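Novice: Quick one: sequence and predicted model below, then my questions.
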Amino acid sequence: MHENVVLASWSDRFWAWLIDVLLVGIIWYEIMIVLKRDVFCLDGALLLMVLLFIYWTILEGYRGQSLGKMFIDIAVTGSFGEQIRFQDAALESFGKAFLLPFDCIIGYFAFREGKQRLFNRISDTFVIIRME
């Protein structure tokens, strides 16, 4: 990790995640209404996870930030603060979209010093405070 890069706190990451989930959740809810589906059904939960995965992969792969991260002023980068590739964004997004509890618990206890979730570690990505 580059010495000039400051890692984002777990709480900053949580608030960015919550903003993203609420924003995508609104779109998901509207889709469920149009499809006349129960929001508490299994396919509804799967649809929400897929939408979150696509959302995070596109935005974080394109500019390193989802809307929640933009609001909190944090970003996903590579080990030296560089822009991540779309495949890195897809890999790190997979963990938070489909396996979040597992991803966070293992990351919190195994990679606490680097403040990485498991899938951040696998994709060699970090969430940093933007200094620009």
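Specialist: That came in fine, so what should we check first?

Novice: Okay, and residue 76 sits in which element?
Specialist: strand 74-77 (DSSP states H and E).

Novice: typo on my end, it should be residue 80
Specialist: Going by DSSP H and E, residue 80 is not in any helix or strand.

Novice: Report the strands that pair with the strand holding residue 76, each with its relative direction.
Specialist: Sheet pairing of strand 74-77 (DSSP bridges) gives strand 126-129 (antiparallel).

Novice: Okay, buried residues for the partner strand please.
Specialist: Neighbour-count burial for strand 126-129, counted by 16 or more other Cβ atoms under 10 Å, picks out 126, 127, 128. In this view, the C-beta of every residue, glycine as well, is placed from N, C-alpha and C.

Novice: Stretch 86-100 now?
Specialist: Quick answer for stretch 86-100 (16+ other Cβ under 10 Å): 88, 89, 90, 91, 92, 93, 94, 95, 96, 97, 100.

Novice: Let me know the closest of the residues you listed to residue 20.
Specialist: Set against residue 20, the nearest of the buried residues of stretch 86-100 by Cβ to Cβ is residue 96 (9.1 Å).

Novice: thinking again about what came up before, turn the buried residues of stretch 86-100 into JSON lines, columns for pLDDT, distance to residue 39 and secondary structure.
Specialist: Converted to JSON lines, those look like this (pLDDT from 0 to 100; distance: Cβ to Cβ, whole Å; DSSP: H, G, I helix; E, B strand; the rest coil):
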{"residue": "88", "pLDDT": "96", "distance to residue 39": "32", "secondary structure": "helix"}
{"residue": "89", "pLDDT": "97", "distance to residue 39": "27", "secondary structure": "helix"}
{"residue": "90", "pLDDT": "98", "distance to residue 39": "26", "secondary structure": "helix"}
{"residue": "91", "pLDDT": "97", "distance to residue 39": "28", "secondary structure": "helix"}
{"residue": "92", "pLDDT": "96", "distance to residue 39": "27", "secondary structure": "helix"}
{"residue": "93", "pLDDT": "97", "distance to residue 39": "22", "secondary structure": "helix"}
{"residue": "94", "pLDDT": "97", "distance to residue 39": "23", "secondary structure": "helix"}
{"residue": "95", "pLDDT": "96", "distance to residue 39": "24", "secondary structure": "helix"}
{"residue": "96", "pLDDT": "96", "distance to residue 39": "21", "secondary structure": "helix"}
{"residue": "97", "pLDDT": "97", "distance to residue 39": "18", "secondary structure": "helix"}
{"residue": "100", "pLDDT": "94", "distance to residue 39": "19", "secondary structure": "helix"}
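
Novice: Cool, thanks, talk later.
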